[in-house]
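K.L.:
Sequence isn't available, so here's the structure alone:
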C-alpha cells in the first residue's frame, strides 16, 4: 500500500472503533486515517499521534496489514480480562509487536522532550478506558 495522504484526527474517545486512544485505517477514498482520542493535554494527543504514525510506517515496511492489526486488536479487546491495562501491541503473540514497541520508545522520547511525566500520561490514558 502506498501511503500518499494521511489524516490525523482528534476525536472524542467514545467515537473510537474499539477501546483504544489511537487507531488507524485506510478509508475507501485512499486516505489513511489516524484517530487519536481527545485528552486533557494537547501534548498527550501529539504523543499518541506520533506513536501511531511511526507504527503505520513500520508495519507498512514489515508488510503487516492494517486488517491483520485491527483483527488482532479487536480479538485482544474481546478477550481482555477485567482490570487488565496491557496494550494489545505488547502481547507476546502480537503480529506487530516489534513495530509497536519501537513506536512506544518514540512516544516515550516525546514525553521526555515535553518534560512530562510518563506515569501521569499513562494514568490519564488509562482513565479513558472502560476496562
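P.N.:
Looks like it arrived, so ask away. Since the model is a prediction, treat every value here as computed from it, not as a measurement. Numbers count the residues shown, from 1 in each chain.
K.L.:
remind me which residues of the chain are low pLDDT?
P.N.:
Applying pLDDT under 70 to the chain flags residues 1, 131.
K.L.:
can you pull out the helices in this structure?
P.N.:
42-61, 66-78, 97-114, 118-128 (DSSP state H).
K.L.:
spatially speaking, which residue is in the middle of this structure?
P.N.:
Central residue of the chain (Cα atoms, centre = their mean): residue 22, 3.4 Å from the mean position.
K.L.:
partners of that one in the sheet?
P.N.:
Going by DSSP bridges, residue 22 is paired in beta bridges with residue 36.
K.L.:
try the one 10 residues further on
P.N.:
Using DSSP bridges, the bridge partners assigned to residue 32 are residue 6, residue 26.
K.L.:
oh, and call the first residue 11 from now on, that's how I've got it
P.N.:
Shifting the count to begin at 11 puts that one at residue 42.
K.L.:
Tell me how many other residues surround it.
P.N.:
Residue neighbour count, defined by other Cβ atoms under 10 Å, stands at 20 for residue 42. In short, each C-beta sits where N, CA and C put it, glycine included.
K.L.:
ok now do the nearest residue to residue 112 once chain neighbours are set aside, which residues does it touch?
P.N.:
Sequence neighbours aside, residue 68 is the residue nearest to residue 112 in space, at 6.1 Å (criterion: Cβ to Cβ, 6 or more residues apart in numbering). Neighbouring residues of residue 68 by Cβ atoms under 8 Å, 6 or more residues apart in numbering: 106, 108, 109, 112, 113.
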